[in-house]
Every structure is written in structure tokens, then in C-alpha cells.
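[1] Prediction below, plus the sequence it came from.
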Amino acid sequence: MVVLHLIISTNNINSPLESRGDFFQIMRAILVITGISFVLFSCKKAEIETYKEWGFEKPSHFPEPHYKFENNKQNYDRFDLGRDLFYDPILSSDSTISCASCHSQTHGFGDHNVNFSLGVNNTLGKRNSPALSNLAWYPNFMWDGGINHIETFSFAPITNPLEMHETMANVVAKLNASEDYKAKFKKAYGSETVTDQHLLKALAQFMAMMISAESKYDNYVLGKTTFTSAEENGLQLFRSHCASCHTEPLTSSFGFANNGLDSDFTDDLGRGLVTQDPNDNGKFRIPSLRNVSLTYPYMHDGRFFTLSQVLDHYSNGIVQSSTLDPSLGTGFNFTAQEKQDIITFLNTLTDQNYLANPFLSEKKK
């Protein structure tokens, strides 16, 4: 548009000398703009080409992942398809709810500030939507571990009446009716016929790439930065009282525990609902604490909205029951300063690169 304006403006030039001067200015402007456009295009092309060659890479300080893409060979087109699906409300029965509706990137892919997420027709869920990160390391999913594979993980929210309230058959039919999606599936899987298997695998490709490993804590572990005295004190307190369940560096053992919230589990048996073992009643997944300062509210029912409330619970709010995790005892009796230092440490788990990673964001229309 700038070049066009400059060229049009020469129609009003009267003097040959003025014309010559303006001509060279115009040519100079054209060359500058062309050069800038070439650089921007080249950078974007290089970025895309680099990303197409890029794939899952285990952070050096992480253990081996549980999911290894063995039957879901990774490539950029499959990942990109999974990203489109993650952000598309077409997966819900009334096309109002997407995966991202309850899992916001800016809040660690959690649903912040609400105990329970709203599904289609404003139905209210029964458990807090957990934050998502480092899913390739999970041996199972959901607060009760009822899903045991990342490639079937998405089936649950899609078909849950309180969430997307859709059937896989209807989702597949809607996608097969979309010329855009048929082209994307053909590019990703070699056939424009959409299947539920390819749908779930594409979503798994995207979710497995949700790797959060660039927080201040990670840089500390890698020897790239140092902690303040408060952060260091908080880390030592964390390691003494919390790390047996919130195991480093993923900050979760991926086990299940009754952490003393209640003595009556009638409303939600937790892990016991899956195993049908009374010894598992009241036990829920031990969540990762990655980006925890942004993933409030906390616990399976979202009852605590601040980290201070969480630490008050572990300090002197433990409720005794037959399935209580024995490591909790009667609580840890943290001092006010200890609570503050632990929170200061927990803030080092915030990964700004993860929260702003453009490849995990919804693509601009």
C-alpha cells in the first residue's frame, strides 16, 4: 500500500527534476519494502520448515515419558490437526464448547477461577478441570485415573453429558461434512475420510507436545540460575514435606492419595469409583504443580482458591479418615514464614514460555 501511494503521487509532479528526485526516492522505497518483505517471508518460512522437522524432545532433566508415539508416528500435520481440533467447539453437541473452553493456555491449560466448568446448555461439572502439561508422562488420566491412555483421553470429555455431551459418531459425521477438515485429515493421515481413531490420535499428538519445562525452577535444576533465600528455603520445605507425593521434576508421582479433605466420600468416591476397592475411597490423583500459581482453584472440587488456603489445610486442616495418606499425619504446622517461603518457591514453577508458546495457541483466523 505504501508503494502504491508513492507511485500514484508522482502524477502530481510538474518539474522533470522533481520527477527524477522522486523517482529515485520511490525506487529506494520499493527496494527497502521488498527487502523487508523478503526477510519476513524467509524468517516465517524457516520457522515453519524448522517446526515441521521438530518433534517430541524429552527435557534433559525429565525421566523417560510414558507415551512414545509408537503407534502414532509424529509429524507436524498431525500435530497441527490436533491443535485445530483442541480449539474447535465442533467437538461438542451444540458447537459451543471446545477443549480450550475448560483448558486455557494463559492459566496453564486449566479452567481458572471456577470450581466446576460449564458444559453444553450450561450444565455444571462435578470435578474441577485440571491443568494440562507434560501429559506424555502420565500413565493414566482424570482425577480418578479412569482413562489409561492419552489416545483415548479425549473420548471422556467429548461424550460426558456434563461436558461436550456428544457422540463420537456425530463428531466424525460433522468432520466428514467439512471440506476443510477432510483436507486436513488427508494431509495428516493420507485419507480424507475422518475416523474416530485418527481424531483421537491427532488430539494426542497435540496434547503430548504440551511440555512445560522452562520455568525458573527448571533453570535452577539445570544450573542456569540461582534461587533467592526465600525460594531456596521454600524448596527445602517442599522437599521435606511435599515431594514424596509431588515428586520432582514433574512435581507429581502420578499416584492417588486421600489428602485429608473429608471423612465422608459419598458424593465422590474418587479412585474407589474405578477400582471398586473401599481402600481407594477418597483418593484422587496427585496433580502436578507446574504453573500452580495460575491454575486455581485447587483440589478435585476446587474448594481452595489460594495457595495460602491450601497450605492452611496441610498445616492444620487435615481431616482424619481410614484411607488418609499416612504421610500427612495430623498436619505439618507450618509457620507463617514457612508458608510464605513455600509459596515463593511454588511461584518458580511458572513457565512463561509455556503460557505463551505460539505453537500451543489457537491459530489466528
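    Perfect, I can see it now. Numbers count the residues shown, from 1 in each chain.
[2] Now do the residue lying closest to Ser253 once chain neighbours are set aside, the pLDDT please.
    Once flanking residues are discounted, Ser253 sits nearest to Thr247: 4.5 Å by C-beta to C-beta, 6 or more residues apart in numbering. Where C-beta positions appear, they are placed from N, C-alpha and C, glycine not excepted. Turning to Thr247, the model gives it a pLDDT of 98.
[3] isn't Thr247 right up against Pro287?
    No - using C-beta atoms under 8 Å, Thr247 makes no contact with Pro287, being 12.0 Å away.
[4] So for these two, which sits in the more crowded spot?
    Ranked by neighbour count (other C-beta atoms under 10 Å), Thr247 and Pro287 place Pro287 first, with 21 against 16.
[5] what about the nearest residue in space to Leu307 that is not next to it in sequence, which helix or strand?
    In space, Leu307 comes closest to Ile343 once its chain neighbours are excluded; the distance is 5.0 Å by C-beta to C-beta, 6+ apart. Using DSSP states H and E, Ile343 sits in helix 336-346.
[6] now that helix, how far from the chain's geometric center?
    Helix 336-346 has its C-alpha centroid displaced from the chain centroid by 25 Å (C-alpha atoms, centre = their mean, to the nearest Å).
[7] Counting by contacts, list what that helix packs against.
    Under the contact definition 3 or more C-beta pairs under 8 Å, 6 or more residues apart in numbering; DSSP states H and E, helix 336-346 sits against helix 229-241, helix 307-316.
[8] buried set for it?
    Glu338, Lys339, Gln340, Asp341, Ile342, Ile343, Thr344, Phe345, Leu346 (16 or more other C-beta atoms under 10 Å).
[9] again, but for stretch 121-133
    Under 16+ other C-beta under 10 Å, the buried positions of stretch 121-133 are Gly125, Arg127, Asn128, Ser129, Pro130, Ala131, Leu132, Ser133.
[10] Please enumerate the helices of this structure.
    2-9, 16-53, 76-86, 99-102, 155-159, 168-176, 179-189, 196-208, 216-221, 229-241, 271-275, 307-316, 336-346, 352-356 (DSSP state H).
[11] quick one on the thing from earlier: ok, so of the buried residues of helix 336-346, who is nearest Ile97?
    Nearest to Ile97, judged by C-beta to C-beta, of these is Leu346 at 30.3 Å.
[12] Spell out which residues sit in contact with that closest one, please.
    Gly234, Phe238, Leu289, Val292, Ser293, Leu307 (C-beta atoms under 8 Å, 6 or more residues apart in numbering).
[13] what about 6 Å?
    Val292 (C-beta atoms under 6 Å, 6 or more residues apart in numbering).
[14] From Ser253, how far off is it?
    In this view, Leu346 and Ser253 are 17 Å apart by C-beta to C-beta, to the nearest Å.
[15] In the protein, where is pLDDT below threshold?
    Applying pLDDT under 70 to the chain flags residues 1-53.
[16] Hey, what's the angle from the helix holding Ile343 to helix 229-241? Just curious.
    100 degrees (axes from the mean of the first three to the mean of the last three C-alpha atoms, to 10 degrees).
[17] and helix 336-346, C-alpha only, in PDB?
    Provided in PDB are the C-alpha atoms of helix 336-346 (Å, rounded to 0.1, in the frame of the first residue of the first chain):
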ATOM      1  CA  ALA A 336       3.500 -18.100  58.600                       C
ATOM      2  CA  GLN A 337       7.000 -17.500  57.300                       C
ATOM      3  CA  GLU A 338       7.300 -21.100  56.100                       C
ATOM      4  CA  LYS A 339       4.000 -20.800  54.300                       C
ATOM      5  CA  GLN A 340       5.200 -17.700  52.500                       C
ATOM      6  CA  ASP A 341       8.500 -19.300  51.600                       C
ATOM      7  CA  ILE A 342       6.800 -22.400  50.100                       C
ATOM      8  CA  ILE A 343       4.500 -20.100  48.000                       C
ATOM      9  CA  THR A 344       7.600 -18.200  46.900                       C
ATOM     10  CA  PHE A 345       9.100 -21.400  45.700                       C
ATOM     11  CA  LEU A 346       5.900 -22.600  44.000                       C
END
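[18] Run the angle between that helix and helix 307-316 for me.
    130 degrees.
[19] Run a quick neighbour tally on the nearest residue in space to Leu124 that is not next to it in sequence.
    Nearest non-adjacent residue to Leu124, counting by C-beta to C-beta, 6+ apart: Phe116, 5.0 Å away. Phe116 sits with 18 neighbouring residues when counted by other C-beta under 10 Å.
[20] State the distance from Phe116 to Leu203.
    Distance, Phe116 to Leu203, by C-beta to C-beta: 23 Å.
[21] now Gln236
    Applying C-beta to C-beta, the value for Gln236 to Leu203 is 39 Å.
[22] Give me the more crowded residue out of the two.
    Neighbours per residue (other C-beta under 10 Å) separate Gln236 from Leu203, with Leu203 holding more: 25 against 13.
[23] so that one sits right up against Gly82, yeah?
    Yes - using C-beta atoms under 6 Å, Leu203 is in contact with Gly82, at 4.8 Å.
[24] Leaving out sequence neighbours, find the closest residue to Tyr314.
    Excluding the flanking residues, the one nearest Tyr314 by C-beta to C-beta, 6+ apart is Phe332, at 5.7 Å.
[25] Contact partners for that neighbour?
    Taking C-beta under 6 Å, 6+ apart as the test, what Phe332 contacts is His241, Tyr314, Ser315.
[26] which one is the last one nearest to, not counting chain neighbours?
    Distance criterion C-beta to C-beta, 6+ apart; nearest residue to Ser315, sequence neighbours excluded, is Phe334 at 4.3 Å.
[27] Show residues contacting stretch 244-263.
    61, 134, 137, 139, 271, 282-283, 285-286, 288-290, 318-319, 321, 323-325, 327-328.
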